[in-house]
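# Model the structure of this input:
(2 chains)
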Amino acid sequence: MPLLQVKNMTHFFTGLRAVHNYNLEINPGEIRGLIGPNGAGKTTIFNLLTGVLRPTEGEITLEGTDIIGLRPHQIAARGIGRTFQNMKLWRHMTVLEHVKMAHYSQLSYGLTGAFFGTKKRVRQENEIEEHAHTLLALMDADQFADQKVLNLPYGVQRRVEMARALATRPKILFLDEPTVGMTPEELVGMMNVFRKIHNELGLAIFLIEHRMKVVMEFCQRVQTLVFGEVIAEGTPDEIQNDPRVIEAYLGKEEVA
Amino acid sequence: MTYFLQNVINALQWGSFYALIALGYSMVYSIMMLFNFAHGDIFMTGAYIGLGIATGLLAIVSSGVIALPGWLILVLTIIISMFITSLLGVLVERIGYRPLRNAPRASAAITGLMIGIILETGNLALLGAKRFSFPPLIMTKAYNISGVFVTNKKILVVLVSLTLMLALDLFVRKTKWGMAMRAMSYDFVVVPLMGVSIDVIAPMTFAIGSGLAAAGGVLYGVAYPVLDPYMGILIGWKAFVAAILGGRGSIMGAALAGFLLGFIEIFVTMIFPSTLRDLIAFSIVLVILTFRPHGFFGKPYSAKLRL
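Now for the predicted structure:
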């Protein structure tokens, strides 16, 4: 059974058709790519699948269960983790607080725990703090744990965001242009992070990416989205050589 | 010098009320991006609920069922009215604001004004157009510390306020909900995707703000024992000014600005006739805002992302 399955999903923004008849299947551990020119509807698809928007038509199932109509926090708790094109870190909070915060749905202590510091609360808080440090270490960012994120370099912020998404203990991770605007060194660091997430955590990844180099290396299958419609789907090699894709997308942009 | 210290004490007490109320404005703003203009009236309702609880407890005591000392009745009154008023806050969020969460902010602001008027006139309809005096639960004791008069009630007001602020600070920094509240002050979209339900955090924020206002209301009743349905309007507006002065959404800022406003008002009356108090005090606030338009701890930010 596929981990995530989307059938015939269509979405309208007050009359404008943003996504048309979209289908997707992601299996456990698989890395899927989604490419397409700006404005093609890639982030809209992420918003639809994570419950931020509700599709006009179609089916979405996560591990066989229908997730349409669930609220974003419920979908997050069921195993979809997500990063954002422009990161959206909480600027004045520390790195550790970001990652601890994302454990929210794993903390079950109640108000009594909050006010009187019960054993349960202490244990849970210790567990998530430890897990947060583990994730930050995996992302090579643990040395920044006590710093406010707004003081950190861009590449580190990206890795913090990745740790925050991992803290929700996702089964599948949605990455929205994770390498955008990176310097070559930062890009190398980020690609190492991808390898770790894939090899050590074995997560499925759904990746929106503009850099063909990244797509070529990691993705098993790639979809090309133009004006809300998938015009081509296949292995990275097939996509790279597909004339429709070259016309719509690669033709206008250097293959990096 | 003693005159000066005397006024410091008065200002601390007066500022406590502003600070307690301003915290509610500020917390709700930081999560919902709206000022809950019913908040002054929630303070008033909290005072009346406190009046009801205190009267009830006194009746129970005088009927001889159980003997409670006055201070214990006061403590119970504060706790119970904070709890009941928190529920009122949750109700206000649920009925008044949740349906308008994605509506223009102006509509939500008007909702607040309407809820405020409903609370005022509802009180009038229920209890009639008369003033009530808050029962004296504890005897006033005055201490003379080398010329400075301190009453036990003033100490009580300041201590209870500071304790509540400390508790709030711990709550916001140390609990999962507090962290979610802080994160939610940056955006509405990411925080839910981290597993947090805004339908838990928003009512909780209203509950905390209302609870603090109720504590302020009961303490106000203890210090100035006359309650009327419109008592929340002016003090509410002034606390709102303090919340802005502290920096929109800043908890620390709201508390400090509340005390600062208390100091400004009291010290203006030290020098000028008390009829000039608000005129001069708010001219000073206006000048401060000219130089610090984001308040003391406000972060200049653009509109929060919403979908």
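# Tell me if residue B:30 really is in a strand.
No. Applying DSSP: H, G, I helix; E, B strand; the rest coil, one finds residue B:30 to be helix, outside a strand.
# Any idea how many residues pack against it?
22 (other C-beta atoms under 10 Å in any protein chain shown). Just so you know, the C-beta spots here come from the backbone N, C-alpha and C atoms, and that holds for glycine as well.
# residue contacts, it?
B:181, B:184-185, B:248-251 (C-beta atoms under 8 Å, 6 or more residues apart in numbering or on different chains).
# next one: residue A:121
A:109, A:113-114.
# filter the residues you listed down to the ones near chain B?
Applying C-beta under 8 Å from any C-beta of the partner chain to these, one finds that A:109, A:114 fall near chain B.
# and which of the contacts of residue A:121 is nearest residue B:285?
In terms of C-beta to C-beta, no member of the contacts of residue A:121 lies closer to residue B:285 than residue A:114, at 35.3 Å.
# Contact partners for the closest one?
Taking C-beta under 8 Å, 6+ apart as the test, what residue A:114 contacts is A:121, B:171, B:174-177.
# and it, what element?
For residue A:114, the element it lies in under DSSP states H and E is helix A:111-116.
# next SSE after that helix?
helix A:119-138.
# For the helix or strand that that following helix is followed by, name the packing helices and strands.
Remark: after helix A:119-138, the chain's next helix or strand is helix A:154-167, criterion DSSP H and E. In terms of contacts (3 or more C-beta pairs under 8 Å, 6 or more residues apart in numbering or on different chains; DSSP states H and E), helix A:154-167 is packed against strand A:80-82, helix A:95-101, helix A:119-138, strand A:172-176, helix A:184-199.
# possible to save those as TSV with mean pLDDT?
Shown next, in TSV, are those (pLDDT from 0 to 100):
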stretch	mean pLDDT
strand A:80-82	94
helix A:95-101	94
helix A:119-138	92
strand A:172-176	94
helix A:184-199	88
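# how about these in JSON lines, adding distance to residue B:87?
Converted to JSON lines, the helices and strands packed on helix A:154-167 look like this (distance: least, C-beta to C-beta, whole Å):
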{"stretch": "strand A:80-82", "distance to residue B:87": "35"}
{"stretch": "helix A:95-101", "distance to residue B:87": "27"}
{"stretch": "helix A:119-138", "distance to residue B:87": "24"}
{"stretch": "strand A:172-176", "distance to residue B:87": "39"}
{"stretch": "helix A:184-199", "distance to residue B:87": "45"}
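# among those, which is nearest residue B:199?
Of all those, it is helix A:95-101 that lies closest to residue B:199, at 17.6 Å by C-beta to C-beta.
# who wins for most neighbours among the contacts of residue A:114?
Neighbour max across the contacts of residue A:114 (other C-beta under 10 Å) = residue B:176, 23 neighbours.
# Give me the pLDDT for that residue.
For residue B:176, the pLDDT comes out at 91.
# I'd assumed residue A:104 was in contact with it.
Yes. Under the criterion of C-beta atoms under 8 Å, residue B:176 makes contact with residue A:104 at 5.5 Å.
# quick one, what contacts residue A:156?
Contacts of residue A:156 by C-beta under 8 Å, 6+ apart are A:141, A:144.
# Most proximal residue of the stretch 151-256 of chain A with respect to chain B?
Chain B sits closest to residue A:168 of the stretch 151-256 of chain A, with a gap of 5.6 Å, by C-beta to the nearest C-beta.
# In contact with that residue, which residues?
A:76-77, A:81, A:102-103, A:105, B:193-195.
# Where helices are concerned, which of those residues count?
Mapping the contacts of residue A:168 onto helices (DSSP state H) picks out A:76-77, B:193.
# tell me which of the residues you listed is nearest to residue B:165?
residue B:193 (31.7 Å).
# quick one: the closest one and residue A:50 touch, right?
Yes. Contact criterion C-beta under 8 Å: residue B:193 and residue A:50 qualify, at 5.8 Å.
# Neighbour count for these two, which is higher?
Neighbours per residue (other C-beta under 10 Å) separate residue B:193 from residue A:50, with residue B:193 holding more: 28 against 21.
# if I look at that one, how far off is residue B:88?
Distance, residue B:193 to residue B:88, by C-beta to C-beta, to the nearest Å: 31 Å.
# just residue B:112 next, same as before
The value you get for residue B:112 to residue B:88, if C-beta to C-beta is used, is 14 Å.
# can you put the contacts of residue A:114 in TSV and add secondary structure and distance to residue B:49?
TSV is the format used below for the contacts of residue A:114 (DSSP: H, G, I helix; E, B strand; the rest coil; distance: C-beta to C-beta, whole Å):
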residue	secondary structure	distance to residue B:49
A:121	helix	30
B:171	helix	22
B:174	helix	29
B:175	coil	26
B:176	helix	29
B:177	helix	24
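# Residues of the stretch 1-150 of chain A that sit close to chain B?
Within the stretch 1-150 of chain A, the residues that sit near chain B (C-beta under 8 Å from any C-beta) are A:47, A:50-53, A:71-77, A:82, A:84, A:88, A:90-93, A:97-98, A:100-102, A:104-107, A:109, A:114.
# Report the buried members of those residues.
For those, a burial check counting by 16 or more other C-beta atoms under 10 Å in any protein chain shown picks out A:47, A:50-53, A:72-73, A:75-77, A:82, A:84, A:88, A:90, A:93, A:97-98, A:100-102, A:104-107, A:109, A:114.
# So residue B:192 sits against residue A:72, correct?
Yes. Contact criterion C-beta under 8 Å: residue B:192 and residue A:72 qualify, at 3.9 Å.
# Give me the common contacts of those two.
A:51-52.
# Find the residue closest to residue 227 in space, skipping its chain neighbours.
All of this refers to chain A. residue A:40 (6.4 Å; C-beta to C-beta, 6 or more residues apart in numbering or on different chains).
# I was thinking of chain B, sorry if that wasn't clear
Excluding its sequence neighbours, the residue lying closest to residue B:227 (C-beta to C-beta, 6+ apart) is residue B:132, at 4.8 Å.
# mind listing what that neighbour touches?
Contacts of residue B:132 (C-beta under 8 Å, 6+ apart): B:48, B:51, B:226-228.
# Next: residue A:242.
Shown in contact with residue A:242 (C-beta under 8 Å, 6+ apart): A:224, A:232, A:234.
# Now do the same for the second one: helix, strand or coil?
Assigned state for residue A:232: strand (three-state reduction, three-state DSSP).
# Quick check: residues of the stretch 101-250 of chain B near chain A?
Proximity of the stretch 101-250 of chain B to chain A, by C-beta under 8 Å from any C-beta, involves residues B:171, B:174-177, B:179-180, B:182-183, B:185-187, B:189-199.
# Just the buried residues of those residues.
Buried among these (16+ other C-beta under 10 Å): B:171, B:175-177, B:179-180, B:182-183, B:185-187, B:189-198.
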